[in-house]
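Chemist: Got a sequence here, can you build the structure:
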Amino acid sequence: MATKVVMEALSPTMEEGRLVAWKKKEGDAVTTGDTLAEVETDKAVMELVARGDGVLRKTFVAEGATVPVGTTVAIVGTPDEDISALAGGGASAAAVPVPAPQAVAAGEARPGGRAEASTIGAQTGTSLGPPEPAARTLGAPPGPTEPATSIAAGRVRS
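Modeler: Now for the predicted structure:
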């Protein structure tokens, strides 16, 4: 029986993956555990492995394309099996290569809604103020000292 190969969540935070390279071609025999493709996740490049035996009948995603987790990227089945019913559920035309992220100009929002710290004050109308001074070295005196006063004797020591 033919099975769909889907873009798996290869890391806990993965929402989409970029198919870096197919390691098997259409028509190649595959067995369970064979590496079908390399997928770039949000953290690393991982292997997408076969979950069954058969022949790689059809690939739906081109190298360099980014697709959401759960998208059918290929079909594995027997050489003479009718896969037309499964072939309709492949990746859509939306699975096109995504350009690399562009540099963000100063003051523009970054992915995730963050802005550069130097522009936050200007955007909100408030000042961030000067940076905090570096911490003192442990054991160093706090600076110029005042003469200590002995309350009991009423004398000043120096």
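Chemist: Could you list the buried residues of stretch 47-60?
Modeler: 48, 50, 54, 55, 56, 57, 58, 59, 60 (16 or more other C-beta atoms under 10 Å). C-beta: built from backbone N, CA, C; applies to glycine.
Chemist: Do you know the pLDDT at residue 9?
Modeler: Predicted confidence (pLDDT) at residue 9: the value is 90.
Chemist: ugh, typo on my part, it should be residue 143
Modeler: With respect to pLDDT, residue 143 scores 56.
Chemist: hang on, the earlier thing: could I get the buried residues of stretch 47-60 in TSV, plus columns for secondary structure and pLDDT?
Modeler: Output for the buried residues of stretch 47-60, formatted as TSV (DSSP: H, G, I helix; E, B strand; the rest coil; pLDDT from 0 to 100):
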residue	secondary structure	pLDDT
48	strand	93
50	coil	92
54	strand	93
55	strand	94
56	strand	93
57	strand	92
58	strand	92
59	strand	93
60	coil	93
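Chemist: which of these lies closest to residue 19?
Modeler: Checking the buried residues of stretch 47-60 against residue 19 with C-beta to C-beta, the nearest one is residue 48 at 7.9 Å.
Chemist: What residues are bridge-paired with the closest one?
Modeler: residue 37 (DSSP bridges).
Chemist: wait, it sits on residue 40?
Modeler: No. Taking C-beta atoms under 8 Å as the definition, residue 48 is not a contact partner of residue 40, at 10.8 Å.
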